[in-house]
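**Q** Attaching a predicted model along with its sequence, questions to come.
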Amino acid sequence: MYYYIINPAAGHGAAHTIQDKLRNELKSLGIGGEFVTTTGQGDATRLASQAIAKGYTTIVAVGGDETVNEIINGVTSDTAAIGVIPIGSTNQIASQLGISSWQQGCTVLAARRITEYALIAAGDDFFLSSLTLGFETELPDSQPAPDTSLKGRVLHLRDSFNHARNYKTIKCKIKVDDGYTVSAEVFSLCVTNQKFINPTAPNELSVSITDRPSKRQIGNLLLRGGKAKSLGELATTNFQGKKITLAAEPPINVAIDGKIIARTPLAIRLTNRRVRFIVEKVVA
């Protein structure tokens, strides 16, 4: 039983535009179901919770990372599976699951290959992909979205480069597993479940700390969207644990997949709560 939660605003309205094509594709694959649309922030969590109560076994996010994360927080069943049809402006979770387009998302759903992950808790929020602080988190607040013209994109890239070049590192303290504490000057910091990045790895928190990159690295980072995956490739320090406490001076915003959810200090822990995702390929 498939339950599709559509964010009509995802991808600047793309989800609304392709609804008829999407439904026809799903029907042709034999995985039609109930379709509902969100009307505001947090609605996907409520709808996912209702779907579980009704007995649905597959909850599908039709949207971007924000829609997926809301659904994660609404699916409390250990036996239900979450699918993703990526139509958002940011689709990092779908990409990591091996899904690059909404058409491929449909065929992956039909194949129903499942991998289980442990969720991470940050305060009252559960997530799977990435929690960040530093340059990546502050950039959206300091830079407006560019217009669609070539001139607008070039000006935005220039402003973002200047922001990165002048960005001051943050004094952070990271306490690991109630044991040792790491003090560092941080350009950017990312926390994720290492199994999400590498399916053959065990469920464990992975912390990547990035020092200030060179001008060339900043340019490459911005051209690739400044996402956590790109930042992780620049990391000079990596360590693992089950519980991380982040503190910064001064306090700074913390984001999950680009959405600001809290400020430091913040405790982050790997939980016993599992989520089953439908993926492109299961790695033994």
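**A** Great, that's in hand.
**Q** now the stretch 101-250 of the chain, which segments are flagged as low pLDDT?
**A** By pLDDT under 70, the weakly predicted segments of the stretch 101-250 of the chain are 139-166, 212-236.
**Q** Would you map the helices across it?
**A** Ranges of helices in the stretch 101-250 of the chain, per DSSP state H, counting those that start in this stretch, are 102-111, 135-142, 150-166, 194-197, 215-223, 228-234.
**Q** Show me this protein divided up by domain.
**A** Taking automatic domain parsing as the reference, the chain has its domains at 2-111, 130-271.
**Q** Dump those domains into a markdown table; add mean neighbour count as well.
**A** To be clear about C-beta, it is placed using only N, CA and C from the backbone, and glycine gets the same treatment. As requested, the domains of the chain are exported to a markdown table (neighbours: other C-beta atoms under 10 Å):
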| stretch | mean neighbour count |
| --- | --- |
| domain 2-111 | 19 |
| domain 130-271 | 17 |
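**Q** Now distance to V279 too, for those domains, in CSV please.
**A** What follows is the domains of the chain, written out as CSV (distance: least, C-beta to C-beta, whole Å):
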stretch, distance to V279
domain 2-111, 5
domain 130-271, 8
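**Q** So which of the ones you listed is nearest E280?
**A** domain 2-111 (2.8 Å; C-beta to C-beta).
**Q** for the closest one, how far is the first residue from the last?
**A** For domain 2-111, the first-to-last residue distance is 13 Å (C-alpha to C-alpha, to the nearest Å).
**Q** what's the offset of that domain from the middle of its chain?
**A** In terms of C-alpha atoms, centre = their mean, to the nearest Å, the centre of domain 2-111 is set 14 Å apart from its chain centre.
**Q** Next, the angle helix 102-111 makes with the lengthiest strand in the chain.
**A** Longest strand in the chain, counting residues (DSSP state E): strand 266-279. For strand 266-279 against helix 102-111, the angle by axes from the mean of the first three to the mean of the last three C-alpha atoms, to 10 degrees is 80 degrees.
**Q** now for strand 266-279, which elements pack on it?
**A** Other elements packing on strand 266-279 under the criterion 3 or more C-beta pairs under 8 Å, 6 or more residues apart in numbering; DSSP states H and E are strand 81-86, helix 102-111, strand 113-122, strand 205-210, strand 243-249.
**Q** Just give the strands next to the last one in its sheet, each with its orientation.
**A** The partner list of strand 243-249 in its sheet, established with DSSP bridges, is strand 170-176 (antiparallel), strand 266-279 (antiparallel).
**Q** Just after that strand, pick out the following helix or strand.
**A** strand 253-256 (DSSP states H and E).
**Q** follow-up on the earlier one: out of the domains of the chain, flag the one nearest Y117.
**A** The nearest among the domains of the chain, by C-beta to C-beta, is domain 130-271 at 5.9 Å.
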